[in-house]
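sequence and predicted structure, then a few things I'm wondering about:
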Amino acid sequence: MFQIGRREFVRSLGALTSVAAAWPFAACAQEPGRIYRLGDVQFSPRHSAWTDALVERVKADGFVSGQNLIIDDAGFGLRGDQLAEHAAAIVKANVDVVFAAGDPPVQAARRATKTVPILAVAEDMVGSGFVTSLARPGGNTTGLSLLSAELNGKRQEILMEALPGIKRMAILADTGSISPQHLQMLQDAGHSRGLEILVQRVSKRDEVEDAIEAAKNSGAQAINVLASALLFINRDIILSRTATLRLPAIYQWPDMADAGGLIGYGPNLVQLWRDIVARQLVKLLQGVKPADIPVEQPSKFQLWVNLKVAKDYNLTIPESLLLRADKVIE
């Protein structure tokens, strides 16, 4: 896979104005000899199934990584304190599109430019103020809105169904992605069904493990890990600590159950990057204005349940839930 360091990437963008080369063209051909440049601002690592799916999909449309498409590998796996500096650097280097995944990376990209097209993946594009509306984004930002508020509530309901009789549940919330109003809504929904909801807030990696410990010590019988890029990139910590404490948890992405979580419910990450994000990226690279590309939302959701984890925790998952599951890991 084509890789380039941060400094080398920025220097190369200034030097590369046109390079004649042969590459496959899709029906909507790219400009002959042009090098397209994608700047990334995100927490996730470069080598992942979803980013590989995106790269493979845009290749089918004639944008080939390492040939006519330069991808800023240094823009992956950034820390929070690196977002603003890197976003400013790639904008200065005249990239064609900035790809930002997660609310803090999107915020950094939007602060860095009001003109360069931004392809954003965020929990709530409208609620966060990144776009004016889904149909008419306005400005220089479009992308994917993950329906996180609705799905956080749905996951809370699923966890209650999986654990009949539960009286106290914790929610692990990233303060950078979740509004106080949304947290209150989740608490109210729990209270209406006789469930006490304990909120554990985090804003950085170092706080995650302590928050899970605090939830357990407060008597939580399960934990709803809310939608958040911060919590996703620190999923190994969460999976490890909940396993040690034998604390049942539900996660934003289905395959988290395959990684050792009890339940995962939401859209398939690989499918989103391949089917939606890649299509939007191709349009932007071809010169379509972000304001003319409606923000999309996931429409398919999967429920995965890990019965091995349930057995280890001495839990019996109701048959009604297992019958609805798209995948049961035994």
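That came through, no problem.

what residue ranges in this structure score low on pLDDT?
Residue ranges of the chain with pLDDT under 70: 1-30.

can you give me the strands in it?
Along the chain, counting by DSSP state E, strands occupy 36-42, 69-71, 97-101, 118-122, 141-145, 168-174, 196-202, 223-225, 249-251, 263-266, 302-306, 327-329.

list the neighbouring strands of the last one plus their orientation.
Sheet pairing of strand 327-329 (DSSP bridges) gives strand 302-306 (parallel).

ok, now the first one?
As defined by DSSP bridges, the strand partners of strand 36-42 come to strand 69-71 (parallel), strand 97-101 (parallel).

CA atoms only: put that strand into PDB for me.
Extracted as PDB, the C-alpha positions of strand 36-42 are listed here (Å, rounded to 0.1, in the frame of the first residue of the first chain):
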ATOM      1  CA  TYR A  36      -5.400  13.900  -7.300                       C
ATOM      2  CA  ARG A  37      -4.600  14.500  -3.600                       C
ATOM      3  CA  LEU A  38      -6.600  13.400  -0.600                       C
ATOM      4  CA  GLY A  39      -5.800  14.800   2.800                       C
ATOM      5  CA  ASP A  40      -6.900  12.900   5.900                       C
ATOM      6  CA  VAL A  41      -7.700  14.100   9.400                       C
ATOM      7  CA  GLN A  42      -8.800  11.200  11.600                       C
END
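
can you give the contact residues for it?
With contact meaning C-beta atoms under 8 Å, 6 or more residues apart in numbering, strand 36-42 is reached by 13, 16, 30, 63, 68-73, 75-78, 83, 86-87, 90-91, 93-102, 105, 108-109, 229, 281, 285. Every residue, glycine included, has its C-beta placed from N, CA and C.

ditto for the last one
Residues lying outside strand 327-329 but in contact with it, judged by C-beta under 8 Å, 6+ apart, are 254, 257-258, 302-308, 322.

buried ones in that strand?
328-329 (16 or more other C-beta atoms under 10 Å).

wait, which of the strands of the chain is closest to Ser240?
strand 249-251 (11.5 Å; C-beta to C-beta).

if you count contacts, what does the closest one end up packed against?
Identification of packing neighbours for strand 249-251 by 3 or more C-beta pairs under 8 Å, 6 or more residues apart in numbering; DSSP states H and E yields helix 148-162, strand 223-225, helix 235-245, strand 263-266.
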